[in-house]
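# quick check, what structure comes out for this input:
(chains A and B)
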There are 2 protein chains.
Amino acid sequence: MCELLGMSANQPVNTGFSWRGFKQRGGCDGPHCDGFGIGFYRRDGYHDFHDVRAAIDSPLAELLGQDDIAALIMMGHLRHANEGGVEIQNTYPFTREMEGRHWCYTMQGQLEGFEALKLSGRFTPLGSTDGEHVFCWLLDQLAQQDCDDVSATCELLAQCGDQLAQMGVFNMMLSDGRVLYTYCSKKMCWLTRRAPFGTVTSLDNGEHIDLASRCDSATVYTLLATNPLTNESGWQDMHPGEAMAFCDGEQCDVITPQAMSA
Amino acid sequence: MCELLGMSANQPVNTGFSWRGFKQRGGCDGPHCDGFGIGFYRRDGYHDFHDVRAAIDSPLAELLGQDDIAALIMMGHLRHANEGGVEIQNTYPFTREMEGRHWCYTMQGQLEGFEALKLSGRFTPLGSTDGEHVFCWLLDQLAQQDCDDVSATCELLAQCGDQLAQMGVFNMMLSDGRVLYTYCSKKMCWLTRRAPFGTVTSLDNGEHIDLASRCDSATVYTLLATNPLTNESGWQDMHPGEAMAFCDGEQCDVITPQAMSA
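I've put the predicted structure just below:
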């Protein structure tokens, strides 16, 4: 099982503290030593970084902790290889451009029979993971509707997620650079930070940080992760079958499974 | 004007020496201080790195010099911004997936009236450079033919290059991960290295390297750049209007302008 990290913010937030803690799970505290990747949507565009080395052994991962890139949306991934070898082409996040937007995808889980998901040919996997195949399939579905409609997109992703969850474990994050969507079939948690900010401690490396010294009072942002990152009490578990959308740092849509809402 | 760097090899070659010299042009020896990017096709896939900082001031550029990534194809770019702001989204190389292949593009030049090049909508620029628009347009042209045919692809790129060169300066490199294509409207040079290997010296930072200690005797690779990288005598200038293809480290096709071949 891999570990996911996500963030949505209403203004650029430094990502170094979260990354420095999270990356400890990449080989040290956890078995997720088969490479890592992290993508950043900044005000001036998207860029990402991939490495097949374990995050705790990677000079690149170390640099990303120091460089403290300020981002509006972040999506990180520590890989425990199931489907597909330990190769750069199998390292998340996967990305594609669709209609002038840059889409970025991370997944944690494993899907039996994913090859049966028929692709249109517009998007084709470069590697051999279940995750990239599913990403291409999701983009095919999204291409058929208006992605500017956040509610409709979240609803579609919930339906797709329900279908995929029948094939195994499917926890994912997906973004077009404006909205961070997530679906949870088994394990995902999230936390929204806003003023007044306090001091928090990483559960992974014990580092403390005074958020008030780094965030102005108008900053609002949400962190998502497979497991809580810090000692804050606000971490909430997503429910299996739940899909959420985060816009400008806050939850802007949630689709609750029918069984729960009934 | 930007600076381009390229490499094609028949087996993975360490790229650190070439990068350490080349990156000196990014702000120190030259005016190309508006960010940089570099992409690597490895045996296990493609990944790239982008930064809006000048290469000589960037810890990422420094790390790439130390990390010495072994690649089959490399494409680097130091930017001097003309069209489009100093933004991550305007930083080369640009990439797109087409039919399961990862295409990577760098360009040096400036094209007047590039907006008139009509795009099909399959590929849409994410940023605002002339180069990304042209890249999307070139992919539209390539999508209409069999890209497995290297000669036909080189011929098509020569024709497109001739058209684009009428709009300004157009020096470019393009790869699908198997072949490195290049077109020169004004300035590009190349050098093929093979055994017996000797000691060479970077023209940019004076670093010496004993290639024999790093390359086995079967290694063949070609370097391309806007300006020669080393003191070797084998650097050849491309002619204006020339298109070339490099496969497995060697020139495998060349299209000479009609005026010269006539």
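# spell out, range by range, the strands that occur in the stretch 51-200 of chain A.
Secondary structure of the stretch 51-200 of chain A (DSSP state E, counting those that start in this stretch): strands at A:70-78, A:94-98, A:101-111, A:168-175, A:179-184, A:189-193, A:199-201.
# with distance to A:L224, mean neighbour count and mean pLDDT added, can I get those strands in TSV?
Bear in mind the C-beta positions are built from the backbone N, C-alpha and C, glycine included. Formatted as TSV, the strands of the stretch 51-200 of chain A follow (distance: least, Cβ to Cβ, whole Å; neighbours: other Cβ atoms under 10 Å in any protein chain shown; pLDDT from 0 to 100):
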stretch	distance to A:L224	mean neighbour count	mean pLDDT
strand A:70-78	9	26	98
strand A:94-98	18	22	98
strand A:101-111	10	23	97
strand A:168-175	7	24	98
strand A:179-184	6	26	98
strand A:189-193	5	19	98
strand A:199-201	16	15	98
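# could I get the ones you listed as CSV with distance to A:C215?
Shown next, in CSV, are the strands of the stretch 51-200 of chain A (distance: least, Cβ to Cβ, whole Å):
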stretch, distance to A:C215
strand A:70-78, 11
strand A:94-98, 28
strand A:101-111, 24
strand A:168-175, 21
strand A:179-184, 18
strand A:189-193, 8
strand A:199-201, 11
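# among those strands, which comes closest to B:L191?
Closest of the strands of the stretch 51-200 of chain A to B:L191 is strand A:94-98, at 33.5 Å (criterion: Cβ to Cβ).
# partners of the closest one, with directions?
Partner strands for strand A:94-98, per DSSP bridges, with pairing direction: strand A:101-111 (antiparallel).
# quick one on the thing from earlier: out of the strands of the stretch 51-200 of chain A, which is closest to B:G234?
Judged by Cβ to Cβ, the one of those that comes nearest to B:G234 is strand A:94-98, at 38.1 Å.
# run through who's touching that closest one.
Strand A:94-98 is contacted from outside by A:39, A:46, A:48, A:102-106, A:123, A:131-132, A:135-136, A:139, A:142-143, A:147, A:176, B:96-97, B:123-124, B:126, using Cβ atoms under 8 Å, 6 or more residues apart in numbering or on different chains.
# before we move on, what about stretch A:151-164?
Contacts for stretch A:151-164 (Cβ under 8 Å, 6+ apart): A:111, A:134, A:137-138, A:141-142, A:145-147, A:170, A:172, A:174, A:179, A:181, A:183, A:185, A:241-245, A:253-255, A:257.
# before we move on, what about stretch A:99-107?
For stretch A:99-107, contacts defined as Cβ under 8 Å, 6+ apart pick out A:2, A:4, A:6, A:37, A:39, A:41, A:45-46, A:48, A:75-77, A:92-97, A:130-132, A:134-135, A:138-139, A:143, A:147, A:170-178, B:121, B:124-126.
# residues from the stretch 101-250 of chain A in reach of chain B?
A:101-102, A:121-127 (Cβ under 8 Å from any Cβ of the partner chain).
# out of these, flag the one nearest to chain B.
Checking these against chain B with Cβ to the nearest Cβ, the nearest one is A:T124 at 3.8 Å.
# the closest one against A:C136, yeah?
Yes - A:T124 is within contact range of A:C136, at 6.4 Å (criterion: Cβ atoms under 8 Å).
# those two: who's more crowded?
Ranked by neighbour count (other Cβ atoms under 10 Å in any protein chain shown), A:T124 and A:C136 place A:C136 first, with 23 against 16.
# quick one, what contacts the residue nearest to that one when sequence neighbours are not counted?
Among residues not flanking A:C136 along the chain, A:F123 sits closest, at 3.9 Å (Cβ to Cβ, 6 or more residues apart in numbering or on different chains). A:F123 is in contact with A:96, A:98, A:135-136, A:139-140, B:97, counting by Cβ under 8 Å, 6+ apart.
# angle of the top helix by length along chain A against strand A:101-111?
Using DSSP state H, we find that the single longest helix of chain A is helix A:150-165. Here helix A:150-165 points in a direction 30 degrees away from that of strand A:101-111 (axes from the mean of the first three to the mean of the last three Cα atoms, to 10 degrees).
# how about helix A:150-165 as CSV, C-alpha atoms only?
Taking Å, rounded to 0.1, in the frame of the first residue of the first chain, the C-alpha atoms of helix A:150-165 are listed here in CSV:
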residue,chain,number,x,y,z
VAL,A,150,-17.4,21.0,-9.7
SER,A,151,-20.5,19.3,-8.4
ALA,A,152,-21.0,17.3,-11.6
THR,A,153,-17.4,16.4,-11.7
CYS,A,154,-17.4,15.2,-8.0
GLU,A,155,-20.6,13.2,-8.7
LEU,A,156,-19.0,11.6,-11.7
LEU,A,157,-15.9,10.7,-9.8
ALA,A,158,-18.0,9.3,-7.0
GLN,A,159,-19.8,7.0,-9.4
CYS,A,160,-16.5,6.0,-11.1
GLY,A,161,-15.0,5.4,-7.6
ASP,A,162,-17.9,3.2,-6.6
GLN,A,163,-17.3,1.1,-9.7
LEU,A,164,-13.5,0.9,-9.2
ALA,A,165,-13.9,0.1,-5.5
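# pull out the buried positions in stretch A:219-231.
For stretch A:219-231, the neighbour count (16 or more other Cβ atoms under 10 Å in any protein chain shown) marks A:219-230 as buried.
# re the thing from before, give the buried residues for the longest helix of chain A.
A:150, A:153-158, A:160-162, A:164-165.
# tilt between that helix and strand A:179-184?
Calculated by the same axes, to 10 degrees, helix A:150-165 forms an angle of 30 degrees with strand A:179-184.
# averaged pLDDT, helix A:150-165. What do you get?
Averaged across helix A:150-165, the pLDDT comes to 97.
# what about the helices in the stretch 1-150 of chain A?
In the stretch 1-150 of chain A, the helices defined using DSSP state H, counting those that start in this stretch lie at A:16-22, A:59-67, A:130-142, A:150-165.
# got those as JSON lines, with distance to B:R214 columns?
Converted to JSON lines, the helices of the stretch 1-150 of chain A look like this (distance: least, Cβ to Cβ, whole Å):
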{"stretch": "helix A:16-22", "distance to B:R214": "33"}
{"stretch": "helix A:59-67", "distance to B:R214": "20"}
{"stretch": "helix A:130-142", "distance to B:R214": "34"}
{"stretch": "helix A:150-165", "distance to B:R214": "46"}
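# do you know which of those helices lies nearest B:G65?
helix A:59-67 (11.5 Å).
# can you point out the buried residues in that closest one?
Buried residues in helix A:59-67, counting neighbours by 16+ other Cβ under 10 Å, are found at A:60-62, A:64-65, A:67.
# tell me the pLDDT of A:A262.
51.
# same check, this time on A:T222
On the pLDDT scale, A:T222 gets 98.
# need the contact list for it.
Going by Cβ under 8 Å, 6+ apart, A:T222 touches A:7-9, A:180, A:190-193, A:246, A:249-251.
# report the secondary structure state of it.
Secondary structure assignment for A:T222 (DSSP: H, G, I helix; E, B strand; the rest coil): strand.
# for it, which non-adjacent residue is spatially closest?
Leaving aside its chain neighbours, A:T222 sits nearest to A:T192 (4.5 Å; criterion: Cβ to Cβ, 6+ apart).
# ok, now how distant is that neighbour from A:Q89?
Using Cβ to Cβ, to the nearest Å, one gets 35 Å for the distance from A:T192 to A:Q89.
# let me see the contact set for the residue of the stretch 51-200 of chain A found nearest chain B.
Proximity to chain B, evaluated over the stretch 51-200 of chain A using Cβ to the nearest Cβ, is greatest for A:Q89 at 2.7 Å. Contacts of A:Q89 were listed using Cβ under 8 Å, 6+ apart, and they are A:126-128, B:44-46.
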